[in-house]
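Engineer: please work out how this folds:
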Amino acid sequence: GTTGCAWPLPCPDNTDAPEGSGDVRACKALAGFSHNGADFGTAAAPCPADAYCPAQSRSPRACPSHTASPPSSEVVTACRPVLGYYGPPGVAARLCPADHYCVADS
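Structural biologist: Next up is the predicted model:
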């Protein structure tokens with residue numbers, strides 16, 4: 001059989017793994033980070049703007065249509081309507097109607 005290691009090895013940057021993990025691939029991205037399509041067990045990078053990265057994200061997830069988010073966003077509700085659009089956070093925004101104006105949500 002395979003034996004354990006003499007000393008625990010740290011996970012790569014911006015990742016964590018559950019107790020008892022026996023493989024570097026158990027190290028997965030923290031919330032707000034992703035592996036940018038690379039395998040688990042590699043260092044994770046901050047989530048880019050206009051996307052969100054829940055914990056254990058292999059790749060960033062794009063914000064819904066006509067919404068934007070700041071870098072390192074963890075949840076879809078960080079995606080908010082852009083200038084000229086309106087609606088609740090986390091869903092595709094709607095075009096501001098004629099005879100109205102819609103400022104960017106902050």
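
Engineer: residue ranges with poor pLDDT in this structure?
Structural biologist: 1-2, 4, 105-106 (pLDDT under 70).

Engineer: make it 90
Structural biologist: Along the chain, segments meeting pLDDT under 90 span 1-7, 103-106.

Engineer: residue boundaries of the strands in it?
Structural biologist: Secondary structure of the chain (DSSP state E): strands at 15-16, 28-29, 33-34, 45-46, 51-52, 61-62, 67-68, 80-81, 85-86, 94-95.

Engineer: who does the fifth one touch, helix- and strand-wise?
Structural biologist: This means strand 51-52. strand 61-62 (3 or more CB pairs under 8 Å, 6 or more residues apart in numbering; DSSP states H and E). For the C-beta atoms, the positions are set from N, CA and C on the backbone; glycine is no exception.

Engineer: relative to the whole chain's centre, how far out is the strand it packs on?
Structural biologist: Its chain's C-alpha centre and that of strand 61-62 lie 8 Å apart, by CA atoms, centre = their mean, to the nearest Å.

Engineer: check stretch 29-45 too.
Structural biologist: Distance, centroid of stretch 29-45 to centroid of chain: 9 Å (CA atoms, centre = their mean).

Engineer: buried residues in that stretch, which are they?
Structural biologist: 29-36, 40-42, 44-45 (16 or more other CB atoms under 10 Å).
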